[in-house]
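need coordinates for the below:
(2 chains)
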2 protein chains.
Amino acid sequence: MAKTVIFGHKNPDTDTICSALVYADLKNKLGETAEAARLGEINKETLYALDYFQVEAPQLISKVEEGTDVILVDHNEFQQSAENIQDAKIVEVIDHHRVMNFETKEPLYFRAEPVGCTATIINKMYKENGIEVPKEMAGLLLSAIISDSLLLKSPTCTKQDVDAAHELASIAGVNLEEYGLAMLQAGADLSDKTALDLVTMDAKEFAMGDAKVEVAQVNAVDVSKVYENQADIEIEIERIISVKGLDLFLFVVTDILNNNSEVLALGTSASKVESGYGVTLENNRAFLEGVVSRKKQIVNVLTEEFTK
Amino acid sequence: MAKTVIFGHKNPDTDTICSALVYADLKNKLGETAEAARLGEINKETLYALDYFQVEAPQLISKVEEGTDVILVDHNEFQQSAENIQDAKIVEVIDHHRVMNFETKEPLYFRAEPVGCTATIINKMYKENGIEVPKEMAGLLLSAIISDSLLLKSPTCTKQDVDAAHELASIAGVNLEEYGLAMLQAGADLSDKTALDLVTMDAKEFAMGDAKVEVAQVNAVDVSKVYENQADIEIEIERIISVKGLDLFLFVVTDILNNNSEVLALGTSASKVESGYGVTLENNRAFLEGVVSRKKQIVNVLTEEFTK
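From the prediction side, this is the model:
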């Protein structure tokens, strides 16, 4: 039987990596041959989770083989997927994002739910199939929920995510708060990052109306320290804007202790950030009170600005 | 609480009408305020089912009110939906078709499964929520499955559909074969149809590569009788082609007793039908042995032709 390859989005985050690994485990337990893959480097936060629960990272791939059966987790927009995703046969999608720039020739199993994390859906799928979540897989699902919800504090976090997190922490045998803070802090260690690292490590491109917009987000404990480097960061962003022909690049530094963000906006459409949030960019930057979620507090606001 | 409007595709068929009605029943039992609607006239087959199980047709709407919460059943492609679907807030999709020309600004509950009929998924959702399917709702779900699967004979029909049909027939208190044949024959009564009726009563438009293609299908007991009218049918199709700027219009007359189709192809890309099926159009027509499913034996074949 041909192997199904399961992967999440480019610039993988903890939900993308962990959901791919755990869903492959579930598929294998259901008698299907599936293998997890990833489209980029593992970040420090995810590495902390993988090390803690002693699970190996999935294989790195850059392309999919033509005609391969693939399952997309934690994304559906083609520009966030493998370069040649149109050559693969997408047999399933498990996701929690908006649906856009996605199409198939044939019917498929497409399951998107408006919850905070793909891992929450995968946890349900174990139950639906009457299979117990193994301890280390519970640890990975928990890590994904903590990551996407900033320890259950993001507005994207639903009751389902909270319930799943508590249940999974108990199976994984960890203290939710302690483990969660340690994992987030491991991810927020930006000491060895270059300016280019910072603007690419968790960047996603979106089509908004006719505009091309990229939103990069980093979590930090000390936001001002990240911006000590602002001149270099701007040089890297300007380069990305011209290479990709972007209308807007928004760099979001999220304070994981206080749950706010300080953003940097460049590109011909930078004023959309001002109109969208009622702020004024000073030195290309603005403080966005209470904004921590790219999906629920940034992409929707900007899409609205670009399409009205 | 605002009312959620649930509807299926334009040129509604039995699955679209019945799935909207039954899903509204489930939503109401779950304490949500939902109402079924339809985007076009009820066909004779559906009318037979509604009469048999004494259920009223959903309200006819042409547009959705701006900002209304809507649930799409049995379709996702915007050109098959309400004219101003982009003005609504799509909160859910329950479907069994390919995903194309669909997008949302925000995350939603999107459930597509590769089964033969939307009704099969809705039947599962009653179980998942621990709610019994009422007798008349079981009758409607059964009718939808019979319609989409041509009495369980279409290649789109899966084991899930077959199991659901038997289970629902028992709840509805009907003999599956007898009821099914009577319903299909009621739908195949084309005696009062004009040429325009025939080419529009179950027509769906598709984007295939850069091409615009419309595929209309009618079920018949006597195929040759339908084509007695070929000259008039061609006049109506040519009119639709120029109004909509189509590259291809494929009119499919499906023999419900022998499970074959005789098609009529017009438009500048009519040769795609010849290359796709290895047939030669004679008098614009071709016989397609064993072809009964628009989705699994027509749309995919033509999409392949238009995109290779």
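
could you look up the SS state of the closest residue to residue A:245 other than its chain neighbours?
Take residue A:245 and drop its neighbours on the chain: the residue closest to it by CB to CB, 6 or more residues apart in numbering or on different chains is residue A:212, 6.3 Å away. No exception for glycine: its C-beta is placed from N, CA and C like everyone else's. Judged by DSSP: H, G, I helix; E, B strand; the rest coil, the three-state class of residue A:212 is strand.

please apply the same query to residue A:189.
Under three-state DSSP, residue A:189 falls in the coil class.

residues in contact with it?
Residue A:189 makes contact with residue A:44 under the criterion CB atoms under 8 Å, 6 or more residues apart in numbering or on different chains.

same question for the one 5 residues further on.
Listed by CB under 8 Å, 6+ apart, the contact set of residue A:194 reads residue A:232.

tell me how far it lies from chain B.
Counting by CB to the nearest CB, to the nearest Å, the separation of residue A:194 from chain B is 33 Å.

on that earlier part again, ok now do the residue nearest to residue A:245, which residues does it touch?
Residues in contact with residue A:212 (CB under 8 Å, 6+ apart) are A:205, A:206, A:244, A:245, A:246, A:247.

for residue A:153, same thing?
Contacts of residue A:153 (CB under 8 Å, 6+ apart): A:259, A:292.

for residue A:219, see how far away it is.
Separation of residue A:153 from residue A:219 (CB to CB, to the nearest Å) stands at 12 Å.

so where is chain A shaky, pLDDT-wise?
Counting by pLDDT under 70, the ranges of chain A that qualify are A:1.

domain ranges for it?
According to the TED database, chain A comprises the domains A:4-188, A:195-307.

what distance separates the start and the end of the first one?
Criterion CA to CA, to the nearest Å; first-to-last residue distance in domain A:4-188 is 33 Å.

for the last one, same thing?
In terms of CA to CA, the two terminal residues of domain A:195-307 are separated by 31 Å.

do a quick rundown of the strands in the stretch 151-300 of chain A.
A:203-208, A:211-220, A:248-255, A:260-266, A:285-288 (DSSP state E, counting those that start in this stretch).

in contact with the most centrally placed residue in chain A, which residues?
By CA atoms, centre = their mean, chain A has its centre lying nearest to residue A:13, at 4.7 Å. Counting by CB under 8 Å, 6+ apart, residue A:13 touches A:43, A:45, A:46, A:74, A:147, A:148, A:202.

give me the residue from the stretch 151-300 of chain A nearest chain B.
Proximity of the stretch 151-300 of chain A to chain B (CB to the nearest CB) peaks at residue A:300, 5.4 Å away.

close enough to count as contact, that residue and residue B:106?
Yes - contact criterion CB atoms under 8 Å: residue A:300 and residue B:106 qualify, at 5.5 Å.

pull up the overlap in contacts between these two.
Residues touching both residue A:300 and residue B:106 (CB under 8 Å, 6+ apart): residue A:98.

now residue A:186. Nearest residue, chain neighbours left out?
The shortest distance from residue A:186 to any non-neighbouring residue, by CB to CB, 6+ apart, is to residue A:48 (3.8 Å).

am I right that that neighbour sits in a strand?
No - per three-state DSSP, residue A:48 lies outside any strand segment and is helix.

okay, now it: neighbour count?
Counted by other CB atoms under 10 Å in any protein chain shown, the residues lying close to residue A:48 total 21.

show me the contacts for it.
Applying CB under 8 Å, 6+ apart to residue A:48 gives the contacts A:182, A:183, A:186, A:187.

if we go to 10 Å?
If you count contacts by CB atoms under 10 Å, 6 or more residues apart in numbering or on different chains, residue A:48 has them with A:14, A:42, A:143, A:179, A:182, A:183, A:184, A:185, A:186, A:187, A:189.

same list, these, but as a markdown table with distance to residue A:253 please.
Formatted as a markdown table, those follow (distance: CB to CB, whole Å):
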| residue | distance to residue A:253 |
| --- | --- |
| A:14 | 18 |
| A:42 | 21 |
| A:143 | 22 |
| A:179 | 24 |
| A:182 | 21 |
| A:183 | 19 |
| A:184 | 14 |
| A:185 | 15 |
| A:186 | 17 |
| A:187 | 13 |
| A:189 | 14 |
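
for ChimeraX, what selects the buried ones among these?
To isolate the buried members of the contacts of residue A:48 in ChimeraX, using 16 or more other CB atoms under 10 Å in any protein chain shown:
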select /A:14,42,143,179,183,184,185,186,187
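
kindly indicate which of the contacts of residue A:48 lies nearest residue A:22.
Nearest to residue A:22, judged by CB to CB, of the contacts of residue A:48 is residue A:143 at 10.1 Å.

so the closest one touches residue A:43, yeah?
No - with contact defined as CB atoms under 10 Å, residue A:143 does not count as touching residue A:43 (11.8 Å).

which residues are common contacts for the two?
Residues touching both residue A:143 and residue A:43 (CB under 10 Å, 6+ apart): A:14, A:17.

out of the contacts of residue A:13, which is most surrounded?
Of those, with other CB under 10 Å as the count, residue A:74 tops at 30 neighbours.

residues from the stretch 1-150 of chain A in reach of chain B?
Residues of the stretch 1-150 of chain A found near chain B (CB under 10 Å from any CB of the partner chain) are A:76-77, A:86, A:90-93, A:95-116, A:128.

quick revisit: in the sheet, who's paired with the residue nearest to residue A:245?
Going by DSSP bridges, residue A:212 is paired in beta bridges with residue A:207.

hang on, the earlier thing: single out the most deeply packed of the domains of chain A.
Of all those, domain A:4-188 has the most neighbours on average by mean count of other CB atoms under 10 Å in any protein chain shown, namely a mean of 20.

mind checking how far that one is from the chain centre?
Its chain's average C-alpha position is 9 Å from that of domain A:4-188, according to CA atoms, centre = their mean, to the nearest Å.
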